[in-house]
Structures are given as C-alpha cells and as structure tokens.
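S.K.: fold the following and give me the result.
(chains A and B)
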Amino acid sequence: MNTGESILSFLKLTATVAGAAVAGAPVIDIFNHYIQTPVWGIPVTVIGAAGAGAVLSLFFGDPLTTRRELFGQTFAASVFGAAVAWLAARALQWDWAISNMSMFALVSAAMLRWFLPSVIERGKSLIKEFRFTLDQKKKGDE
Amino acid sequence: MNIFDVLCGAAAAVVLVTALARLNDIKKSQATAFWWVRRTGLGLVSVAMIMIIAAPFSDSTPHWSDIVRLLALWGIAMTWVTTPGMPPWWRFVSRYESNNAGSGRRVDD
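M.R.: Residues are numbered from 1 along each chain as shown, chains lettered A, B, ... in the order given. As a prediction, the model looks like this:
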C-alpha cells in the first residue's frame, strides 16, 4: 500500500467512525433519559438484607410446592421485612435497631416468611367467621 | 431511574426467578456440603439481584455496587461450580456428590 492509498484508507476509517458516532449519539442519549420513580428512602442495603432474610428462610424447613407461593412469599417477605424494620425501629426509637438496620431487616424478613402465611390464613378464617356471623344476624332479622 | 436501570433490572429479574426456583428445588435430604455450597451460591445471587432491582427505588449507600458485585460474582461462581453435570467442574466435584444429583427439578412449572 503506497502513501496515497494509506491516507485514503485513513480518511475512510475516520469518516466511518465519525458517521457511526453521529448516528449512535441518540441511542446513547436514550440511556441518560430519566424515568420518574418513587424513592422510598430506605437504603438499598436494608432491602438487600431483607431479601437475604427471605432467601435464607428458604434454606430451612419444608420447600414450597408451587412457584406462586415461592415468588409471592419471597417478594412479600423482602418488602414487608424492610418496611417493618424501617418503620418499627424509627417509630419506637430503638437505637440498637436503627444502628443495625440491615440485620434487623434480615431477621424481620426471615420471621415474616415463616409466620406471614399462617397469619394470612388466620386472617382469612376470621373474615369468614365474621361474614358467617353477619349472615346469621341478617337471617334472624328476617 | 433511566433506560440503563430498566435493562439491568429486566435481566436481574430473570436471574432472580431462576435462582429462587433452583434454590427451592433443592430437596431437604440433599444436606451434604456440596448442596450447602449450592444453596449459598443461589442465595448470594438472589440477594444481589434483589439489590439491583430495588436500587432505583431506594437510597443508595456507600459502596453498595461493590457489595452487589461481590455477592453476584461469588454467587455465580459457587452456583456454576456445583451445577450437576456442568463441565469442567463436574469432573472434580462429582466425587463429593455423585448420588442424588440429578437434574434437581422438583416442582412442576
């Protein structure tokens, strides 16, 4: 390749790179467009620790038999674990819990994952009993 | 939250669902060190993915992305090494768990 061809090749390369940069700029710009999301004010490490509690609780005990139970309980325990730890520690002004928020969230989530299903079942049965009582009263009134 | 977070979150959701499903597939009887390494790996991956998904909705803390990197890398490494039949590792680790390894699927999708 002589000097003229080298210069021409270099110019072609420069034009191609510049064209690609100009054409690709809007694509890169898309990545900088911000979408408004609610920020809950809970540190990401606290949510991570709550998730760790929910996942750790899966290590022990009987495995869940359906995917719905698995994903539902893990999600619920992570969210409620983080929320309970954050709200309870601040509402009751527990200094030990505020200063160890992540570990508090971990334990809360693990306990919630075990107890939440039985609490929900108990709540359902209470609602059924309550409806039954109301039905009886209505029948009696009639 | 930007498009970058959305793209990362979508992939993290896929990995999280897979890790949780595989974690739940490990039977109670599979209690050797091999399976505890696998449980730990799947757990670490799950926590890392939960943090990636939750990050746009929560306050960032110092070095949180370093924590995610550490959890995800060790989680993937421990899971991959203990995946039944996974070359080249299975040749070395199968001596610790040759029985009861199977595909591990327990729950019908």
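S.K.: surely B:M86 forms part of a strand?
M.R.: No: looking at B:M86 with DSSP: H, G, I helix; E, B strand; the rest coil, it is coil, so not inside a strand.
S.K.: that one contacts B:W80, correct?
M.R.: Yes: counting by Cβ atoms under 8 Å, B:W80 is a contact partner of B:M86 at 6.3 Å. Yep, even glycine has a C-beta here, placed from its N, CA and C like the rest.
S.K.: give me the common contacts of the two.
M.R.: Counting by Cβ atoms under 8 Å, 6 or more residues apart in numbering or on different chains, B:M86 and B:W80 have no common neighbour.
S.K.: for A:S108, what are its contacts?
M.R.: A:50, A:53, A:80-82, A:84-85, A:88.
S.K.: want to throw those residues into CSV with neighbour count?
M.R.: Below are the contacts of A:S108 laid out as CSV (neighbours: other Cβ atoms under 10 Å in any protein chain shown):
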residue, neighbour count
A:A50, 34
A:G53, 27
A:F80, 18
A:G81, 30
A:A82, 32
A:V84, 18
A:A85, 30
A:A88, 13
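S.K.: ok, and which of those residues reach chain B?
M.R.: For chain B, no contacts are drawn from those by Cβ under 8 Å from any Cβ of the partner chain.
S.K.: count the residues that sit near residue 1.
M.R.: Because you didn't say which chain, this covers chain A. 7 (other Cβ atoms under 10 Å in any protein chain shown).
S.K.: actually, chain B is the one I wanted.
M.R.: Applying other Cβ under 10 Å, we find 16 residues neighbouring B:M1.
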